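Participant: Predicted model, plus sequence, below.
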Amino acid sequence: MSLDIVILAAGQGTRMRSALPKVLHPIAGQSMLAHVIDRARQLSPVGIHVVIGHGADLVRERLAADDLNFVLQNEQLGTGHAVAQALPALTAERVLILYGDVPLIETATLERLLERVGAEQLALLTVDLIDPTGYGRIVRDAAGVVKAIVEHKDATPEQRQICEGNTGILAVPGKRLGDWLARLSNSNAQGEYYLTDVIAMAVADGLVVATEQPLDAMEVQGANDRLQLAELERHYQQRAARSLMAQGVTLRDPARFDLRGEATVGRDVLIDINVILEGRVVIEDGVQIGPNCVIKDSTLRKGALVKANSHLDGAELGEGADCGPFARLRPGSVLGAKAHVGNFVELKNAVLGEGAKAGHLSYLGDAEIGARSNIGAGTITCNYDGANKFKTVLGEDVFIGSNSALVAPVTLGDGATTGAGSVITADIPAGTLAVGRAKQRNIDAWKRPVKINK
């Protein structure tokens, strides 16, 4: 059956004490709302309708996409009122209600819930809690049949003893929703139109209320303040760590690892403490990553080694290549097989061929460096004239003396050598030594300046 999804994301989140709308606060590198939208997309709905209110323009700006229909709720008058704003756009046989501040919900849980929906049956996601304070309570009859949901503030002392709570996630037959929303009343402690009142209406209309529960209660945990946000972050990271370890990754300490994107991993991968993976990262078999590294949108081929405190962004390490410690590889950086960059080396849009080396204290930007070439300490490529970028090309087996400056555009042929301290402004033919520095002068009887007493 066809499916429409409504995501409620209009709340201000006053307890966050932030100018940022609550649903835009991040979990694992992307907003809570973005996580929920990702889950919605995995269900292949005919429409995804995001109800926005506080910070509406910013939410649209951050998350605009062709498959999203943003619906404005000018006044926040309750969950039932929020869903009603999207009603004119709903056409599917089933409607699923999600929440923009509940980012850990699993696709499999939602699929199980949707299997329970039919023309004469709706499905409600509930959760058993040790302390259900603040949750609406699921009221059942003696036979265990759901009869209603009572909000915490409206519940009697007896009803507050019920430990089965309402998550708010609900799937209903689309043809019934409009009638139920039209009949909602705001005669309650909050003066709001509760979506939960739909349950009692459905029962009165003779429909069955089926229930499902998540395998993990944290799936349905929302974030109303910074503490809850941090709890969701840690739970997400623990879940990510368990998944990676199940795939053959050794994490030195799973509690000190963060995944802020997607990681594809091979076997026998070792990741030390305080490593952050961002964006899309591919890690092949036998890769080792030292402590305190940040790796973003990068690929590490088989047997590559990233030493401590290195930062990779948009880079690729070939088989057996290594970098660090304290290396920085910026977008477009590629190390060929067994290539090496050491401490305090920065690459930007630079390709090092197989076995090439830049051991320490160098900047190589917009450069192509051939196999087995060696870059001496303190070498820089002068690739920018203040307006335009230019390329430096080194052939194979080139030797660059320490503290050289290669002023692009410039090409060094195979086997070329530069003397230490040279400024290279012209091409160097293959097999040639270039020395581009001022002639040394020794001045006899030199008197050092002395400090004048005042």
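Facilitator: The structure has been received and is ready for your questions. Numbering: from 1, shown residues only.
Participant: which residues sit in contact with residue 284?
Facilitator: Taking C-beta atoms under 8 Å, 6 or more residues apart in numbering, we find residue 284 in contact with 266, 299, 300, 301, 302, 303, 304. From N, CA and C alone the C-beta is placed, and that goes for glycine too.
Participant: Let's see that with 10 Å instead.
Facilitator: Listed by C-beta atoms under 10 Å, 6 or more residues apart in numbering, the contact partners of residue 284 are 264-269, 299-304, 317, 319.
Participant: Mind giving me the ChimeraX select for the residues you listed, buried ones only?
Facilitator: Filtering these down to the buried ones (16 or more other C-beta atoms under 10 Å) takes a single ChimeraX command:
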select :265,266,269,299,300,301,302,303,304,317,319
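Participant: Quick one: the contacts of residue 284 as TSV, columns for pLDDT, secondary structure and distance to residue 376 too.
Facilitator: Output for the contacts of residue 284, formatted as TSV (pLDDT from 0 to 100; DSSP: H, G, I helix; E, B strand; the rest coil; distance: C-beta to C-beta, whole Å):
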residue	pLDDT	secondary structure	distance to residue 376
264	97	strand	36
265	98	strand	36
266	97	coil	35
267	95	coil	38
268	97	coil	35
269	98	strand	33
299	98	strand	28
300	98	strand	26
301	98	coil	26
302	98	coil	29
303	98	coil	26
304	98	coil	24
317	98	strand	22
319	98	coil	25
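Participant: For the nearest residue to residue 358 once chain neighbours are set aside, give its distance to residue 63.
Facilitator: Leaving aside its sequence neighbours, residue 358 sits nearest to residue 375 (C-beta to C-beta, 6 or more residues apart in numbering; 3.9 Å). Distance, residue 375 to residue 63, by C-beta to C-beta, to the nearest Å: 44 Å.
Participant: count of residues packed around residue 244?
Facilitator: 21 (other C-beta atoms under 10 Å).
Participant: ditto for the one 10 residues further on
Facilitator: Residue 254 has 17 neighbours, counted by other C-beta under 10 Å.
Participant: Give me the distance between the residue nearest to it when sequence neighbours are not counted and residue 14.
Facilitator: With C-beta to C-beta, 6+ apart as the criterion, residue 254 has its nearest non-adjacent residue at 3.8 Å, and that residue is residue 241. Here residue 241 is placed at a distance of 33 Å from residue 14 (C-beta to C-beta).
Participant: Kindly report the same for residue 401.
Facilitator: Distance from residue 401 to residue 14, by C-beta to C-beta: 63 Å.
Participant: And the helices in the chain, which stretches?
Facilitator: All helices of the chain, identified by DSSP state H, fall at 32-42, 56-63, 79-86, 107-114, 174-182, 197-204, 226-246.
Participant: average pLDDT for the second one?
Facilitator: In other words, helix 56-63. Confidence over helix 56-63, taken as the mean pLDDT, stands at 96.
Participant: Stretch 183-195 too?
Facilitator: Averaging pLDDT along stretch 183-195 yields 88.
Participant: Off-centre distance for it?
Facilitator: 37 Å (C-alpha atoms, centre = their mean, to the nearest Å).
Participant: what's the first-to-last distance across that stretch?
Facilitator: Start-to-end span of stretch 183-195 (C-alpha to C-alpha, to the nearest Å) is 11 Å.
Participant: How about it, which residues are buried there?
Facilitator: For stretch 183-195, the neighbour count (16+ other C-beta under 10 Å) marks 184, 188, 192, 193, 194, 195 as buried.
Participant: Go through these and name the one nearest residue 350.
Facilitator: residue 195 (55.7 Å; C-beta to C-beta).
Participant: list the contacts for residue 58?
Facilitator: Residue 58 touches 19, 20, 21, 24, 52, counting by C-beta under 10 Å, 6+ apart.
Participant: hmm, try it at 7 Å
Facilitator: Applying C-beta atoms under 7 Å, 6 or more residues apart in numbering to residue 58 gives the contacts 21, 24.
Participant: on that earlier part again, okay if I get the helices of the chain as JSON lines plus distance to residue 362?
Facilitator: Below are these laid out as JSON lines (distance: least, C-beta to C-beta, whole Å):
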{"stretch": "helix 32-42", "distance to residue 362": "38"}
{"stretch": "helix 56-63", "distance to residue 362": "38"}
{"stretch": "helix 79-86", "distance to residue 362": "56"}
{"stretch": "helix 107-114", "distance to residue 362": "46"}
{"stretch": "helix 174-182", "distance to residue 362": "63"}
{"stretch": "helix 197-204", "distance to residue 362": "65"}
{"stretch": "helix 226-246", "distance to residue 362": "33"}
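Participant: quick one: which of those is nearest residue 277?
Facilitator: Using C-beta to C-beta, the nearest of these to residue 277 is helix 226-246, at 9.0 Å.
Participant: and the angle for that closest one with helix 32-42?
Facilitator: Here the directions of helix 226-246 and helix 32-42 differ by 50 degrees (axes from the mean of the first three to the mean of the last three C-alpha atoms, to 10 degrees).
Participant: So which elements touch helix 226-246?
Facilitator: strand 26-27, strand 249-251, strand 257-265 (3 or more C-beta pairs under 7 Å, 6 or more residues apart in numbering; DSSP states H and E).
Participant: Now tabulate those in CSV and tack on distance to residue 1.
Facilitator: Below are the helices and strands packed on helix 226-246 laid out as CSV (distance: least, C-beta to C-beta, whole Å):
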stretch, distance to residue 1
strand 26-27, 31
strand 249-251, 39
strand 257-265, 30
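Participant: Mind checking these for the one nearest to residue 220?
Facilitator: When the helices and strands packed on helix 226-246 are compared (using C-beta to C-beta), the closest one is strand 26-27, at 14.2 Å.
Participant: which residues touch residue 410?
Facilitator: Residue 410 neighbours (C-beta under 7 Å, 6+ apart): 392, 424, 425, 426, 427.
Participant: what about 8 Å?
Facilitator: Here residue 410 is in contact with 392, 393, 424, 425, 426, 427, 428 (criterion: C-beta under 8 Å, 6+ apart).
Participant: What remains of the residues you listed if I keep only buried residues?
Facilitator: Of the contacts of residue 410, these count as buried by 16+ other C-beta under 10 Å: 392, 393, 424, 428.
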